[in-house]
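> got a structure for you, letters missing:
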């Protein structure tokens with residue numbers, strides 16, 4: 001079967017599936033394997049790797065020269081790409097020197113771009129590609145899926161469009177920004193603000209977009225003032241900077257409100273989230289109350305034992321004085 005993550009027209013073979021296994025290096029039993037290991041079939045060098053779908057680079061490592069068990073290097077050289085609908089794919093153990101030098105976080109890559117070659121960097125027993133699929137919609141945290149279904153075409157990942165806007169899907173902001181900054185990260189922020197509402201989009205396009213409909217990539221007073229407006233609406237400090245608090249807010253599931261969804265549907269979705277959080281809070285408060293009750297009973301038992309100890313001590317004193 002042709003491999004959708006190999007740039008050349010070759011087949012692939014699975015060398016280690018997703019799930020629990022005995023680790024091939026540490027020999028630890030029931031070790032969870034968060035991806036799938038594959039090699040080209042027949043084996044060829046170099047085996048060039050491409051994204052399974054278009055997206056933006058959210059992580060990249062290029063400096064692992066060979067086998068390594070050091071912290072942060074067991075996955076070897078790798079590239080992580082964010083696609084539409086908060087889906088992320090990861091390509092690990094890439095050969096040293098094979099990831100393009102120009103490739104960096106925030107860059108857009110298509111399904112036809114080479115992001116590196118299959119290699120044997122990190123903690124490995126041989127050359128292969130470790131491929132992971134991660135869904136960030138599950139409670140806003142990492143949730144690894146079995147990549148096999150995406151390799152076979154049973155499931156698919158929607159690519160992001162480089163032109164941005166609604167067609168760009170989920171935009172993950174990663175870098176803090178301020179007035180005067182320029183570049184691709186600023187463009188991502190400008191597109192992200194446009195996605196919040198029709199009102200914010202119109203405001204952004206009145207001062208921070210060019211005639212061709214593309215963001216200007218300059219963090220000017222217009223972008224600063226609109227960001228302050230969003231911060232004010234969100235109850236955040238009006239710094240006018242893309243600080244960590246604002247990044248977390250803009251990356252939140254709760255404001256991925258694409259304009260194709262009506263306001264009432266957005267309100268209902270958020271109200272459902274509030275109800276869910278209230279239920280979780282009620283369960284925690286009940287557990288806390290139960291613990292408080294148990295603590296009170298334990299305190300009473302301690303006091304009762306102290307009373308008995310004092311009674312026994314008193315009896316001993318009486319006997320001694322007889």
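Received, thanks. Keep in mind that this is a model prediction, so the values were computed, not measured.

> any idea how this protein splits into domains?
The record's domain parsing of the chain by automatic domain parsing lists 11-151, 166-260.

> Any idea how far the lengthiest helix in the chain is from the middle of the chain?
Looking across the chain with DSSP state H, the single longest helix is helix 263-321. Here helix 263-321 is found 37 Å from its chain centre; the criterion is Cα atoms, centre = their mean, to the nearest Å.

> got it, and stretch 182-199?
Distance, centroid of stretch 182-199 to centroid of chain: 19 Å (Cα atoms, centre = their mean).

> And it, what's buried?
184-197 (16 or more other Cβ atoms under 10 Å). C-beta: built from backbone N, CA, C; applies to glycine.

> Narrow the residues you listed to those in strands?
Among the buried residues of stretch 182-199, no member is found in strands (DSSP state E).

> how about those in JSON lines, adding distance to residue 175?
Formatted as JSON lines, these follow (distance: Cβ to Cβ, whole Å):
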{"residue": "184", "distance to residue 175": "9"}
{"residue": "185", "distance to residue 175": "5"}
{"residue": "186", "distance to residue 175": "9"}
{"residue": "187", "distance to residue 175": "12"}
{"residue": "188", "distance to residue 175": "9"}
{"residue": "189", "distance to residue 175": "9"}
{"residue": "190", "distance to residue 175": "13"}
{"residue": "191", "distance to residue 175": "14"}
{"residue": "192", "distance to residue 175": "12"}
{"residue": "193", "distance to residue 175": "15"}
{"residue": "194", "distance to residue 175": "18"}
{"residue": "195", "distance to residue 175": "18"}
{"residue": "196", "distance to residue 175": "19"}
{"residue": "197", "distance to residue 175": "24"}
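
> ok, for residue 99, nearest residue in space, not its chain neighbours?
residue 116 (4.3 Å; Cβ to Cβ, 6 or more residues apart in numbering).

> repeat for residue 106
Leaving out its chain neighbours, the residue that sits closest to residue 106 by Cβ to Cβ, 6+ apart is residue 184, at 4.8 Å.

> Show me the helices in the stretch 51-200 of the chain, by range?
Assigned by DSSP state H, counting those that start in this stretch, the stretch 51-200 of the chain shows helices spanning 148-151, 184-194, 198-207.

> Show me what the last one is in contact with.
Same thing as helix 198-207. Under the contact criterion Cβ atoms under 8 Å, 6 or more residues apart in numbering, helix 198-207 has outside partners 190, 193-195, 213, 215, 220-223, 226, 229-230, 259.

> Now with 6 Å, please.
193-194, 222, 226, 259 (Cβ atoms under 6 Å, 6 or more residues apart in numbering).

> so after it, what's the next helix or strand?
helix 221-234 (DSSP states H and E).

> in the helix or strand following that next one, what counts as buried?
Scanning forward in sequence from helix 221-234 by DSSP H and E, the next helix or strand is helix 244-250. The neighbour-count check on helix 244-250 (16+ other Cβ under 10 Å) flags 246-247, 249-250 as buried.

> Now the two most distant members of those residues.
Using Cβ to Cβ, the pair of those lying farthest apart is 247 and 249, separated by 7.3 Å.

> mind showing which ranges of the stretch 101-250 of the chain have poor pLDDT?
Along the stretch 101-250 of the chain, segments meeting pLDDT under 70 span 138-142, 161-170, 212.

> now the residue nearest to residue 106: how far from residue 93?
Going from residue 184 to residue 93 by Cβ to Cβ, to the nearest Å gives 27 Å.

> ok now stretch 103-110, how far from the chain's centre?
In terms of Cα atoms, centre = their mean, the centre of stretch 103-110 is found 16 Å from the chain centre.

> buried set for that stretch?
Of all the residues in stretch 103-110, those buried under the rule 16+ other Cβ under 10 Å are 103, 106-109.

> Can you tell me which of those comes closest to residue 6?
Nearest to residue 6 among the buried residues of stretch 103-110: residue 109, at 15.2 Å, using Cβ to Cβ.

> Would you confirm that that closest one contacts residue 51?
Yes. Between residue 109 and residue 51 there is a contact under Cβ atoms under 6 Å: 5.4 Å.

> Enumerate every residue touching residue 18.
Counted by Cβ under 6 Å, 6+ apart, residue 18 has contacts 36, 146.

> go with 7 Å
33, 35-36, 146-148 (Cβ atoms under 7 Å, 6 or more residues apart in numbering).

> Which per-residue confidence value corresponds to it?
We have a pLDDT of 94 for residue 18.

> same thing with residue 34?
At residue 34, pLDDT is 92.

> In contact with it, which residues?
Contacts of residue 34 (Cβ under 7 Å, 6+ apart): 132, 144.

> What of residue 64?
Contacts of residue 64 by Cβ under 7 Å, 6+ apart are 73, 76-77, 96, 121-122.

> where's the closest residue to it other than its chain neighbours relative to residue 296, distance?
Spatial nearest neighbour of residue 64, chain neighbours left out: residue 121 (4.3 Å); criterion: Cβ to Cβ, 6+ apart. Distance, residue 121 to residue 296, by Cβ to Cβ: 58 Å.

> And these two? Which one has more around it.
residue 121 (27 against 10; other Cβ atoms under 10 Å).
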